[in-house]
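> Sharing a model prediction with you, sequence too.
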Amino acid sequence: MRFFRRFNKQRIFIILCLIVVSVNTPSLLLSSHRLRHLGYDASKEFVGDLAILKHKIEVQALSAVQQEEVGSLKEPILDVYRDGNQTSAVSLDTIDKNDTLGQPKNVSLVGNDVTTHDAKKESLVTTHDATVTTHDAKNESSVTTHDAKNESSVTTHDAKKESQPSLQEKTLATAREKALEKSRLKEIQHGQNVQSHPRRVLDERVKEIKDQLIRAKAYLNFVPAGGNSNFMKEIKLRIKELERAAGDVSKDSDLSRRAIQKMKAMRSTLSKASKMFPECSAMVKKLRAMTYNAEEQLRSHKNQASFLVNLAGRTTPKGLHCLSMRLTTEYFALQPEEQELPNQHKFQNPDLHHFAVFSDNVLACSAVVNSTVSTSTAPEKIVFHIVTDSLNLPAMTMWFLLNPPGKATIQIQSIDSFDWLSNKDILQNQESLDPRYTSPLNHLRFYLPDIFPSLNKIVLLDHDVVVKRDLSGLWRINMKGKVNGAVETCLEGDPSFRQMDMLINFTDPMVATKFDMKSCTWAFGMNIFDLQDWRKRNLTGLYHKYLKLGSNRPLMKAGTLPIGWMTFYKHTRAIDRRWHVLGLGYDSGVKLSEIEQAAVIHYDGVMKPWLEVGIQKFKPYWKKHVRYEHPFVQRCNIHD
């Protein structure tokens, strides 16, 4: 019994081994047969199995293979490129006969070729199945049956493909066109700049952080008072952590690992918030309200900044006030004969070059005088006439006594010394709180023929200008019967562009009939006046007429520029723009090339070079003509 039991066990074990061998042998033989045919020509042998045929359509849709030519049918050539400096994943040329399996190969997409390859594969499978019969007949029949089913399924699939070519062709054409377009775009971007793609992708993180902060603050406003305090604490914590981690970073290369971690944490919190507040309409309304509030705050801040800048332009810095007081003290310590300026005989000589400056700013006047004298080819012919108020007369006189302008001549006068000037109440009747407009010194330019009765020509310079070139050529300009020589400001697109209706009320009938709105405007600041023609035309009387009309009705805005346009209307000659460059007191975009070519640069506007609000890049042109080493300047903390 024991012998029979042992024999039965051995018999069962042998039968099991034979079953295992008979089942596994066909697959091993089939794979070995395929390995022998790997080096065959791609056009003669079909490389692949039924899985490739099953996913053939997906491969075609992704355009990862190239279609071969069959008969007269020819499909467009398709390139697929990878990012970086690699070659294409699918070659455009015909695959070489010696290509191995690891290299990309062409697979036919035409039904006839698939049928041919399937027939070849069928013959291969049949051959291998024939070899299997030596092991087990049952297994042979089962494998043959299974292969027959596969053969029939493949044949049916190919038949359907042949019967419905239009749908597949349309799908394949659409997929190939999209893939071709994407590949071309990638090729162009890669050819232009290989390094731009990673940088562009990296910079998206900074944008995402900013978007996350905006969304988080919007969600925070959605939470009602007393509701979901845990969520409020969480989102407030995320906002605080992300703002600290990101800081003012503008590039992803500067982001720390901590910032990236906080960004991921914020992403999960925002996902939670989106589930808590799913209504988009409420979110839209809230975001619109936030946008409106932000715009209102921005508008308010702009108005406040503009007001503060204008306020700074109207006030006198402490340093300038200190300098004026120290100079005044020194002036009254002098003897009467020591208070007189030299070369007084030149004051009324019409053959010299006379300049007029009306100002109460000692440091500004010194910069005008120093820059004019330093650039002049004949400084001995220059005579400066500075007119100030009685309060600043001692300080102005003392400064030029301590700092004489070389060979040039200086005359200092007070506006209170002009007894014939009895219209101070009219001069100050201007609807403006800005002392630059209401000051009599600002309107004194319309009285030049009365102030200098013995002169024929004079150049008016504002105290906020700097002279960069010799101005003696101004006296050689042919005025052509005009009274005022000035640079025009009617060039559209220029920052100094002005039009008459900007400052003059053309709704008034008198203004509309007497003046042309489109007539060219001009600038004050550097003007040459023919005083003889001025007297002949009595333009000072015309100025008085318009000034009185403006006090009775809204005729013009405050300041001397609009009334100057009216007074010298059709009495102004345009001179070369290089004589006078404007905008250094309000426009930071003035070209440096224009400044270098200019004879006079003008810091018109509220951002004067002696103020903290002045435009920094233009200040050196003014500072080079200020004596910062002077003891009084240093004691008043006026530094370069």
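Noted; the coordinates are in hand.
> partner residues bridging the nearest residue to residue 408 once chain neighbours are set aside?
Distance criterion Cβ to Cβ, 6 or more residues apart in numbering; nearest residue to residue 408, sequence neighbours excluded, is residue 382 at 4.1 Å. Using the backbone N, CA and C atoms, a C-beta is placed for each residue, glycine as well. Beta-bridge partners for residue 382, by DSSP bridges, are residue 353.
> Report how many residues lie close to residue 382.
Using other Cβ atoms under 10 Å, residue 382 is surrounded by 23 other residues.
> same thing with residue 415?
Neighbours of residue 415 (other Cβ under 10 Å): 21.
> got it, and the one 5 residues further on?
Other residues within reach of residue 420, judged by other Cβ under 10 Å, total 8.
> contacting residues around it?
By Cβ atoms under 8 Å, 6 or more residues apart in numbering, the contact list for residue 420 reads residue 450.
> what's the pLDDT at it?
Note on residue 420: pLDDT of 81.
> Checking it next. Helix, strand or coil?
coil (DSSP: H, G, I helix; E, B strand; the rest coil).
> Now do the phi/psi pair for it.
Note on residue 420: its backbone torsions stand at phi -70, psi -10 [degrees, to the nearest 10].
> follow-up on the earlier one: with residue 448 as the reference, measure out to the residue nearest to residue 408.
Applying Cβ to Cβ, to the nearest Å, the value for residue 382 to residue 448 is 17 Å.
> Below-threshold pLDDT in this structure: ranges please.
1-9, 21-202, 225-228, 422-438 (pLDDT under 70).
> Let me see the domain layout of it.
Listed by the TED database, the domain ranges of the chain are 210-247+255-278, 319-636.
> Can you give me the buried ones in stretch 350-359?
The neighbour-count check on stretch 350-359 (16 or more other Cβ atoms under 10 Å) flags 352, 353, 354, 355, 356, 357, 358, 359 as buried.
> and that stretch, how far apart are its ends?
Using Cα to Cα, to the nearest Å, the end-to-end distance of stretch 350-359 comes to 23 Å.
> what's that stretch in contact with?
346, 365, 368-369, 372, 378, 381-388, 409, 441-442, 444-445, 448, 451-452, 454-463, 471-472, 475.
> which ones among the residues you listed are found in strands?
Using DSSP state E, the subset of the contacts of stretch 350-359 located in strands is 382-388, 409, 457-461.
> tell me which of these is nearest to residue 340?
Using Cβ to Cβ, residue 409 is the member of the ones in strands among the contacts of stretch 350-359 that lies nearest residue 340, at 12.7 Å.
> rewinding a little: touching, the residue nearest to residue 408 and residue 373? I think so.
Yes: contact criterion Cβ atoms under 8 Å: residue 382 and residue 373 qualify, at 6.3 Å.
> helices and strands around the helix or strand hosting residue 289, which ones?
Here residue 289 sits within helix 280-314, counting by DSSP states H and E. Counting contacts by 3 or more Cβ pairs under 8 Å, 6 or more residues apart in numbering; DSSP states H and E, helix 280-314 is packed against helix 204-222, helix 435-438.
> now the angle between helix 204-222 and that helix, please.
100 degrees (axes from the mean of the first three to the mean of the last three Cα atoms, to 10 degrees).
> In this model residue 387 seems to touch residue 451, though I could be wrong.
Yes: with contacts counted by Cβ under 8 Å, residue 451 reaches residue 387, the gap being 7.2 Å.
> overlap in contacts of these two?
Between them, residue 451 and residue 387 share the contacting residues 356, 413, 444, judged by Cβ under 8 Å, 6+ apart.
> Nearest to residue 618, out of those: which one, please.
Among those, and counting by Cβ to Cβ, the member closest to residue 618 is residue 356, at 24.4 Å.
> The closest one - that's part of a strand, no?
Yes: assessed with three-state DSSP, residue 356 lies in a strand.
> Distance-wise, check it relative to residue 368.
Taking Cβ to Cβ, one finds residue 356 at 11 Å from residue 368.
> isn't residue 241 right up against residue 265?
Yes: contact criterion Cβ under 8 Å: residue 241 and residue 265 qualify, at 7.4 Å.
> Give the residues shared as contacts by residue 382 and residue 373.
405, 407, 408.
> which parts of stretch 311-318 are buried?
Of all the residues in stretch 311-318, those buried under the rule 16+ other Cβ under 10 Å are 312, 313, 317.
> excluding its backbone neighbours, what's nearest the first one?
In this structure, residue 312 finds its nearest non-sequential neighbour in residue 613, 4.9 Å apart by Cβ to Cβ, 6+ apart.
> coming back round to it: so among the contacts of stretch 350-359, which ones count as buried?
Among the contacts of stretch 350-359, those classed as buried by 16+ other Cβ under 10 Å are 346, 365, 368-369, 372, 381-388, 409, 441-442, 444-445, 448, 451-452, 455, 457-463, 471.
> which one is residue 501 nearest to, not counting chain neighbours?
Nearest non-adjacent residue to residue 501 (Cβ to Cβ, 6+ apart): residue 517, at 5.0 Å.
> Measure how buried the one you found is and give me the count.
If you count neighbours by other Cβ under 10 Å, residue 517 ends up with 12.
> where does it fall, phi/psi-wise?
With angles defined as degrees, to the nearest 10, residue 517 sits at phi -60, psi -30.
> Please name the residues that touch it.
Contact analysis of residue 517 by Cβ under 8 Å, 6+ apart lists 499, 500, 501, 506.
> could you redo the last one with a cut-off of 10 Å?
Contacts for residue 517 (Cβ atoms under 10 Å, 6 or more residues apart in numbering) come out as 499, 500, 501, 502, 504, 506, 511.
> Check residue 570 too.
Counting by Cβ under 10 Å, 6+ apart, residue 570 touches 482, 483, 515, 516, 519.
> Dump stretch 589-600 to PDB, keeping only the CA atoms.
C-alpha atoms of stretch 589-600 as PDB (Å, rounded to 0.1, in the frame of the first residue of the first chain):
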ATOM      1  CA  GLY A 589      11.400 112.200 -18.600                       C
ATOM      2  CA  VAL A 590      13.300 115.200 -20.000                       C
ATOM      3  CA  LYS A 591      15.900 113.900 -22.400                       C
ATOM      4  CA  LEU A 592      19.500 114.300 -21.300                       C
ATOM      5  CA  SER A 593      20.500 115.000 -24.900                       C
ATOM      6  CA  GLU A 594      18.200 118.100 -24.900                       C
ATOM      7  CA  ILE A 595      19.700 119.200 -21.600                       C
ATOM      8  CA  GLU A 596      23.200 118.900 -22.900                       C
ATOM      9  CA  GLN A 597      22.400 121.000 -26.000                       C
ATOM     10  CA  ALA A 598      20.400 123.700 -24.100                       C
ATOM     11  CA  ALA A 599      21.600 127.200 -23.300                       C
ATOM     12  CA  VAL A 600      19.200 127.500 -20.400                       C
END
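> Could you pull out the helices in the stretch 451-600 of the chain for me?
In the stretch 451-600 of the chain, the segments counted as helices under DSSP state H, counting those that start in this stretch are 500-503, 509-514, 531-537, 539-552, 560-567, 592-597.
> Go through these and name the closest to residue 395.
That would be helix 560-567 among the helices of the stretch 451-600 of the chain, by Cβ to Cβ, at 24.6 Å.
> and the buried residues of stretch 350-359 as TSV, adding distance to residue 538?
Shown next, in TSV, are the buried residues of stretch 350-359 (distance: Cβ to Cβ, whole Å):
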residue	distance to residue 538
352	26
353	26
354	22
355	24
356	20
357	25
358	22
359	27
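> Verify the contact between residue 327 and residue 397 for me.
Yes: taking contacts as Cβ atoms under 10 Å, residue 327 lies within contact range of residue 397: 8.4 Å.
> What residues does residue 205 make contact with?
Contact analysis of residue 205 by Cβ under 10 Å, 6+ apart lists 246, 249, 251, 252, 253, 255, 259, 260, 263.
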